[in-house]
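>>> Need coordinates for the below:
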Amino acid sequence: MSGAEDRIDDRLGDAASGAPWEAAETLPRSPEGAARIDHIVVLGLVAPGARVLDIGCGDGSLLALLRDRRGVDGRGIELSREGVNACLSRGLPVIQGDADTDLANYPDDAFDVVVLSQTIQATRNPRIVLEHLLRIGRQVIISFPNFGHWRVRAELAFRGRMPVTEIMPEAWYETPNIHHCTIRDFVGLCREMDARIVKATALGVRGRPMRFSMPWWVWNLIGAQGVFLLRRGRAAEATSRR
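Residues are numbered from 1 along each chain as shown. The predicted model follows:
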């Protein structure tokens with residue numbers, strides 16, 4: 001294992017420390033009633049009063065949580081008209097847009113934090129999207145389902161079928177997911193793009209953070225979701241200042 005991977009391993013799980021897990025009873029809930037604890041992980045990574053852009057914000061649950069708990073100056077982009085309408089009904093300033101095409105219109109360092117929650121795997125060009133996120137925001141928070149989870153592997157290995165799980169509930173012909181990404185894949189992409197991983201954690205099937213420290217390959221095997229806090233690396237930061 002390389003030195004870079006060792007350093008990343010040391011950070012896995014750091015996002016769990018200090019996050020308000022005790023407030024789970026007030027978590028936003030999905031239509032199925034499952035608590036969105038990944039939203040609380042994101043909440044613990046955003047500073048009060050920050051300027052936030054939530055991309056692919058859905059019905060606005062996360063953006064509303066950040067507004068109510070952190071007092072952020074929040075904006076949102078959502079592809080679906082239904083999602084935009086739901087956000088507007090919450091009083092959230094959200095516009096209809098596409099992460100694959102519309103992020104180029106935003107200037108550098110336009111926001112303190114840019115959030116892409118459970119969306120990067122549904123974009124057509126994840127690398128280009130991530131480049132824009134790192135350019136637009138001083139910090140970037142990304143969460144995604146881990147396709148390297150042991151249940152996904154078991155479905156393919158023993159049943160020969162694309163998996164249907166708690167965090168990937170759609171059948172293969174209905175899923176919005178285009179790119180099947182693992183935690184290991186994402187860490188590799190960050191290294192290629194000179195994106196610095198500030199904090200990272202893996203969440204279990206029930207959405208709870210894994211608080212114990214283990215090598216990256218274990219997180220890749222048993223983590224159902226990954227949540228990463230990123231910043232531009234030194235080379236990218238120097239380029240942006242020119």
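
>>> could you pull out the helices for the protein?
For the chain, applying DSSP state H gives helices covering 3-11, 37-43, 61-70, 81-89, 99-102, 126-136, 150-154, 183-192, 216-222, 234-240.

>>> Gly226 pairs with what?
Beta-bridge partners recorded for Gly226 (DSSP bridges): Phe144, Ala202.

>>> What number of residues are in the vicinity of it?
Neighbour count for Gly226, taken as other CB atoms under 10 Å: 26. (Each C-beta comes from the backbone N, C-alpha and C, glycine too.)

>>> can you pull the contacts of it?
Ser143, Phe144, Asn146, Ile183, Phe186, Ala200, Thr201, Ala202, Leu203, Trp219 (CB atoms under 8 Å, 6 or more residues apart in numbering).

>>> If we use 6 Å, what do you get?
Phe144, Asn146, Ile183, Ala202 (CB atoms under 6 Å, 6 or more residues apart in numbering).

>>> Closest one to Leu230 out of these, please.
Using CB to CB, Phe144 comes nearest to Leu230 of the contacts of Gly226, at 12.5 Å.

>>> quick one: low-confidence ranges for the chain?
1-35, 206-207, 210-215, 235-242 (pLDDT under 70).

>>> Let's see that with 90 instead.
1-38, 40, 122, 148-181, 200-225, 233-242 (pLDDT under 90).

>>> What sits closest to the spatially most central residue of it if chain neighbours are left out?
By CA atoms, centre = their mean, the chain has its centre lying nearest to Ser143, at 1.8 Å. Leaving aside its chain neighbours, Ser143 sits nearest to Val227 (4.4 Å; criterion: CB to CB, 6 or more residues apart in numbering).

>>> number of nearby residues for the one you found?
Around Val227 there are 23 residues (other CB under 10 Å).

>>> Contacts only, for it.
Val41, Ser143, Thr201.

>>> re earlier: okay, the helices of the chain, which one's buried deepest?
helix 37-43 (a mean of 23; mean count of other CB atoms under 10 Å).

>>> Just list what that helix packs against, helices and strands only.
On a contact count with 3 or more CB pairs under 6 Å, 6 or more residues apart in numbering; DSSP states H and E, helix 37-43 meets helix 61-70.

>>> All set now, cheers.
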